[in-house]
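Novice: would you be able to build a 3D model of this:
(one chain, ligands or ions: 1)
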Amino acid sequence: MTITTSRTLLWFRRQLRTHDQPLFECIDPGHELVTAVWILDPREHFAEIDGVARTGAHRMRFLLESVAELRASLQRLGTDLLIRIGEPEDVLPELMTSLEADRLCFVQEPGSEERATERRVMDRIIGRVTPLAPDTLLEIDDPASFADDLPEVFSKFRRQAEKKMEHARSRPTPNGLRGIALSPEFDRGEIDWKTLGIDESSTDPRAVMSFVGGELRGLERAHDWIHDGDHLKRYKETRNGLLGEAYSSKFSPWLANGCLSSRVVSEETLIYEEKRVANESTYWLRFELLWREFFRLHLLKHGTTLFHRAGPAGIALTYRNDPDHFESWKSGTTGIPFVDANMRELSATGFMSNRGRQIVASFLSKNLDIDWRWGARWFEHCLIDYCPAANWGNWAYAAGVGADPRGFRGFDVMKQARNYDPKGEYVAHWLPEELSNHRGMARHMPWKHGGPQPIVMPEESLDHARTRWERAATRRDEQRMF
Ligand SMILES: Cc1cc2nc3c(=O)[nH]c(=O)nc-3n(C[C@H](O)[C@H](O)[C@H](O)COP(=O)(O)OP(=O)(O)OC[C@H]3O[C@@H](n4cnc5c(N)ncnc54)[C@H](O)[C@@H]3O)c2cc1C
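Specialist: This is a model prediction of the structure:
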């Protein structure tokens, strides 16, 4: 009697790791034959919006490093990772045929574009697809139904999560996998860095740290920052920092690409609490992971609405959208050092602190009166930790049209400078020539000390923005009454 062994194709998307891997839950590693594939979808990465490719060089480099390492990890486990460039709805049916695979497994993503791709794939491979629920930090049986009832306000969700829900446990990694035998001629696919426009040496010495993609580096960073560096115990006090590798975890590039699992990070904080100390800071990292979870569920709930100008809150602001002002914001030449330094850090390294992101997002949508989605798209191009849910969710929130749209959320840049960079060290780090004649807070307002005028005055432009926002919110409320 011949026993036929089933053959499964695992489609890796944003979980570029072998630890805590949801895809391994849908196979029987001892018996089933498996091969994995990762697909670079040109619509997601190469497509240009207003002349800018969706994925810039820093983000592409980190992503490709992560994929290369995933291939090595899967090979160590006994299978391989095929690499393709193309649209998944074309690539996957073809691969299923050439591998004689019986089944395709993938993890659903919360994003509306990603879900549309999933539907097209399912339409092409009818009846042989096992879609797994989106990966969550919390124990949630059915994330889609849970998202339908998600509170609009984060603090409500947090209370619900902390009172009634558990953090899910990380999944075990199989000791080995049985790979589908591939002939030597079978095209495994390679990544040609040069064709993709990536210069491998393009890391900037001014960066907060060197970010290298892949799960080993992600796990290493988690261990080094939490345990060896002992930074977790002061995280709440340091997390608004701007310079250096220690002020915050810097886990985001690995988390966003799925090289590091949020469940594992949460577990590591609990181990740390047991071994060293449990305090507000150690709790605060889990609190931030809950923000991440909230935005993922929020995107699942709102779908394409999150990408509309009026956002999920439906506040239809109109913007002046001056293209020259947008260029100045992007290139870090607004004349306001705190904004410019952050924007230059972003372009040079693909990373920016959370404090910086909040300041520049507020400045674009409020002071410059520019559609927040232009900024979100630039971030999408640049950020090595780009994640649709966190990026668009935070941008909509900052613009006052997203989750929790309470009141006007404009940041006073000078107040931010006094609180977070009173000696002007951060701005001097990124704008050394422009600020060489200034010291301390004077570095934040060179126009008051003989320097050139900025493109807008921070206080006045913020006041105008407040008036515009209040008018739009009143109009929205009046319309809702009728
Ligand atoms: C306009 C704007 C755009 C953003 N875009 C992204 C993005 O594309 N990808 C992304 O991962 N984060 C984004 N963030 C959230 C946040 O700025 C980054 O997660 C954080 O700066 C990453 O640094 P860290 O890992 O050191 O964070 P830590 O302070 O160490 O936090 C630990 C982890 O918690 C999560 N987290 C923290 N704050 C948030 C938040 N506000 N929303 C969602 N998750 C959070 C991240 O996964 C982060 O790695 C954005 C914030 C703003 C204001």
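
Novice: break this protein down into its structural domains.
Specialist: Per automatic domain parsing, the structural domains of the chain span 7-135, 215-301, 323-481.

Novice: how about the helix or strand hosting Pro93 as PDB, C-alpha atoms only?
Specialist: Secondary structure assigned from DSSP states H and E places Pro93 in helix 88-98. In PDB, the C-alpha atoms belonging to helix 88-98 read as follows (Å, rounded to 0.1, in the frame of the first residue of the first chain):
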ATOM      1  CA  PRO A  88       0.700  36.500  -5.500                       C
ATOM      2  CA  GLU A  89      -2.500  35.600  -7.300                       C
ATOM      3  CA  ASP A  90      -0.300  34.700 -10.400                       C
ATOM      4  CA  VAL A  91       2.700  33.300  -8.600                       C
ATOM      5  CA  LEU A  92       1.000  31.000  -6.100                       C
ATOM      6  CA  PRO A  93      -1.200  29.000  -8.500                       C
ATOM      7  CA  GLU A  94       1.800  28.400 -10.700                       C
ATOM      8  CA  LEU A  95       4.000  27.300  -7.800                       C
ATOM      9  CA  MET A  96       1.200  25.000  -6.500                       C
ATOM     10  CA  THR A  97       1.300  23.200  -9.800                       C
ATOM     11  CA  SER A  98       5.000  23.000 -10.200                       C
END
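
Novice: okay, buried residues for it please.
Specialist: Neighbour-count burial for helix 88-98 flags 88-89, 91-92, 95-96 (criterion: 16 or more other CB atoms under 10 Å). Any C-beta I mention is one placed from the backbone N, CA and C, and that applies to glycine too.

Novice: what sits closest to Leu9 if chain neighbours are left out?
Specialist: Residue nearest to Leu9 in three dimensions, not counting chain neighbours: Ala101, with 4.4 Å by CB to CB, 6 or more residues apart in numbering.

Novice: do the same with Arg71
Specialist: Spatial nearest neighbour of Arg71, chain neighbours left out: Leu81 (4.0 Å); criterion: CB to CB, 6+ apart.

Novice: residue contacts, that neighbour?
Specialist: Contact partners of Leu81, counting by CB atoms under 8 Å, 6 or more residues apart in numbering, are 12, 36-38, 67, 70-71, 74-75.

Novice: ok, of those residues, which one's closest to Ala222?
Specialist: Distance to Ala222 across the contacts of Leu81 (CB to CB) is lowest for Leu70, with 17.2 Å.

Novice: and Ser353, how close does it get to the ligand?
Specialist: Applying CB to the nearest ligand atom, to the nearest Å, the value for Ser353 to the ligand is 6 Å.

Novice: per-residue confidence for that residue?
Specialist: Per-residue pLDDT puts Ser353 at 98.

Novice: same thing with Gly51?
Specialist: 83.

Novice: state the number of residues packed around it.
Specialist: Here the number of neighbours of Gly51 (other CB atoms under 10 Å) works out to 5.

Novice: got a list of what it touches?
Specialist: With contacts defined as CB under 8 Å, 6+ apart, Gly51 has no neighbours.

Novice: ok, it to the ligand distance?
Specialist: As judged by CB to the nearest ligand atom, Gly51 and the ligand stand 21 Å apart.

Novice: for Asp224, same thing?
Specialist: From Asp224 across to the ligand, the span is 13 Å (CB to the nearest ligand atom).

Novice: repeat that for Val427.
Specialist: 18 Å.

Novice: before we move on, the earlier item: tell me the contacts of the residue nearest to Leu9?
Specialist: By CB under 8 Å, 6+ apart, the neighbours of Ala101 are 7-9, 35, 95, 128, 180.

Novice: for it, grab phi and psi.
Specialist: According to degrees, to the nearest 10, the main-chain angles of Ala101 amount to phi -80, psi 150.

Novice: name the residues of the helix or strand of the chain with the lowest mean pLDDT that are buried.
Specialist: Least confident helix or strand, the chain: helix 458-481 with a mean of 84, by mean pLDDT, DSSP states H and E. By neighbour count on 16+ other CB under 10 Å, the buried set for helix 458-481 is 458, 461-462, 465, 468-469, 472-473, 476.

Novice: pull whichever helix or strand comes after the helix holding Pro93 out as PDB, backbone CA atoms only.
Specialist: Beyond helix 88-98 on the C-terminal side, the first helix or strand identified by DSSP H and E is strand 103-107. What follows is strand 103-107, C-alpha atoms only, in PDB (Å, rounded to 0.1, in the frame of the first residue of the first chain):
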ATOM      1  CA  ARG A 103      -2.500  23.000   0.100                       C
ATOM      2  CA  LEU A 104      -1.500  26.600   0.600                       C
ATOM      3  CA  CYS A 105      -1.300  28.200   4.000                       C
ATOM      4  CA  PHE A 106      -0.900  31.800   4.900                       C
ATOM      5  CA  VAL A 107      -1.600  34.200   7.700                       C
END
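
Novice: what ranges do the strands span in the chain?
Specialist: Remark: strands assigned in the chain by DSSP state E are 7-12, 33-40, 48-49, 52-53, 81-85, 103-107, 129-132, 178-179.
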